[in-house]
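Enquirer: here's my sequence, what's the structure:
(chains A and B)
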Amino acid sequence: MSKSIAGPEIERLIQLLGKLPGLGPRSARRAALTLVKRKEALLAPLARACTEVNEKVGVCTVCGNVDTVDPCSICRDPRRDDSTIVVVEDVSDLWALERAGAMAARYHVLGGVMSPLDGIGPDDLNIRSLIERCRSGRVGEVILAVNATVEGQTTAHYITGEIAGLRADGIDVTVTRLAHGVPVGGELDYLDDGTLAAALKARTRF
Amino acid sequence: MEWTDEAIVLGLRRQGESHAVLEAMTRERGRHLGLVRGARSQKLAAALQTGNRLRLVWRARLDEHLGIYAVEPIGFRAAGYMESPIALLAAQTLAALLRLVSERDPHPDLYAALDEVLDRIGDPVETGELVVRFELMLLEGLGIGLDLSTCALTGATRDLAWVSPKTGRAASREAGAPFADRLLPLPAFLAPADGSNHPPPDGADLAAGFRLTGHFLARHAAQERGRDLPETRDRLLALIQRDAGGG
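Expert: Numbers count the residues shown, from 1 in each chain, chains lettered A, B, ... in the order given. Model prediction:
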């Protein structure tokens, strides 16, 4: 059994910090020590920020993003293109695309991907609300920005089928997806065979 | 403890931030799990997709431990599935069905069949037939083999058209006719060849094949283990019927 080196409150703080991604027991200890040492500058504002987020945070009822307002800041932003929805698996993917800043579109967060091994089917994901958004008639393009995994692409094909089904009701939405292939800075020699094959298949005119 | 074997990826369960528990069908040791360190790295993530072939080195202090896998990719089949919803659903259905097999129970025949099926999936008719035939092998591997070679009532080997949902034995068209409402139809592509080649199955034949194997898998394998058949199986059949016609 490890010896306790601080009071139970600090030990609890270390234990909780250690549950955060990227922090193991050792780095959690270092983070806790920094917080304790810089009580006024870091610990108090962090505690206040955590309390505020805890009180206000929720899931956007439109897109499934997390924010302290509902609809979320992205759904409220009038500068974004209403006719394009980027579909992502998780909020972290939405944040990654926003960091890239390549597109001022709306988003839709699925909350995961279909996985028979984990018992996750289409009804467990935020797919119905996406179809309802498409049904509104304001959407012209849905960009499927799901991961290039077997589960991600299975989900993408399912969504494509559901959106294609809207044509029967006179709603025509174009479905596109992210390209699969060579990453920027990637060297062909180090790429796996599957990615190389996909890149060759999806080659574009130069 | 240490061994090396060839394997096919069935699935991956995240373990912490960068590791994962790999579920693989190995050639010699059946369905086997192990921890893969750094499984979410760019290099390994592509290799650990369902259907890919790997060379695995498994190490553990004791045999009953989960153990750690060292992974070397030898076949990136999954990349070829990305464009085909039928291939994606078939690969996931087969992987999910193999969960009916006990862990670490060797099934070299199932491994070989899985390897072959995964190489050929994509075309709707061929995929449908391959999946049904794989499910028959799986049933046999689980000790629930069906006897589709002779009529249980007359001993005839020709014109078999029915299967008893209780015994899994075939019946000829004539002998089974009085009980037709209680029997499962046996599609022609699963009946023994009578000298002439069967025509390729259509959507209705494949649906009958799925119904036949699905009945025994659900009743004698999945339910006993407290599971349902994977829902991808139903979606796979729907796509096959749509694309194969005749359904």
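Enquirer: so A:Glu11 makes contact with A:Ser4?
Expert: Yes - here A:Glu11 lies in contact with A:Ser4, judged by CB atoms under 8 Å, at a distance of 5.8 Å. (Each C-beta comes from the backbone N, C-alpha and C, glycine too.)
Enquirer: tell me if stretch B:220-236 is near chain A.
Expert: Yes - in this structure, stretch B:220-236 sits against chain A according to CB under 8 Å from any CB of the partner chain; the contacting residues are B:Pro230, B:Glu231, B:Thr232, B:Arg235.
Enquirer: quick one, what contacts the second one?
Expert: With contacts defined as CB atoms under 8 Å, 6 or more residues apart in numbering or on different chains, the neighbours of B:Glu231 are A:Pro116, A:Gly121.
Enquirer: next one: phi and psi at the residue of chain A at minimum distance from chain B?
Expert: Using CB to the nearest CB, the single residue of chain A nearest to chain B is A:Gly194, 2.7 Å away. Note on A:Gly194: backbone dihedrals following degrees, to the nearest 10 are phi -60, psi -40.
Enquirer: specify the local secondary structure of the residue lying closest to it once chain neighbours are set aside.
Expert: Excluding the flanking residues, the one nearest A:Gly194 by CB to CB, 6 or more residues apart in numbering or on different chains is B:Ala79, at 2.7 Å. Secondary structure state of B:Ala79, per DSSP: H, G, I helix; E, B strand; the rest coil, is helix.
Enquirer: any idea how far B:Ala79 is from A:Val175?
Expert: In this structure, B:Ala79 and A:Val175 are 21 Å apart, going by CB to CB, to the nearest Å.
Enquirer: chain center to the longest helix along chain B, what's the gap?
Expert: Counting residues, the longest helix in chain B under DSSP state H turns out to be helix B:124-141. On the basis of CA atoms, centre = their mean, to the nearest Å, helix B:124-141 sits 6 Å off its chain's mean C-alpha point.
Enquirer: same check on stretch B:198-214?
Expert: Between the centre of stretch B:198-214 and the centre of its host chain there is 15 Å, according to CA atoms, centre = their mean.
Enquirer: hmm, who's touching the lowest-mean-pLDDT helix or strand in chain A?
Expert: Averaged element by element with mean pLDDT, DSSP states H and E, chain A has its least confident helix or strand at helix A:193-201 (a mean of 84). Counting by CB under 8 Å, 6+ apart, helix A:193-201 makes contact with A:148, A:180-182, A:188, A:191, B:46, B:49, B:52, B:76-80, B:82-83, all of which sit outside it.
Enquirer: change it to 6 Å
Expert: Residues outside helix A:193-201 that contact it (CB atoms under 6 Å, 6 or more residues apart in numbering or on different chains): A:His180, A:Gly181, A:Val182, B:Ala46, B:Phe76, B:Ala79.
Enquirer: the last one: what's it in contact with?
Expert: Contacts of B:Ala79 were listed using CB under 6 Å, 6+ apart, and they are A:Gly194, A:Ala197, A:Ala198.
Enquirer: same thing but at 10 Å, please
Expert: By CB atoms under 10 Å, 6 or more residues apart in numbering or on different chains, B:Ala79 lies in contact with A:148, A:150, A:180, A:192-199, A:201, B:46, B:49, B:51-52.
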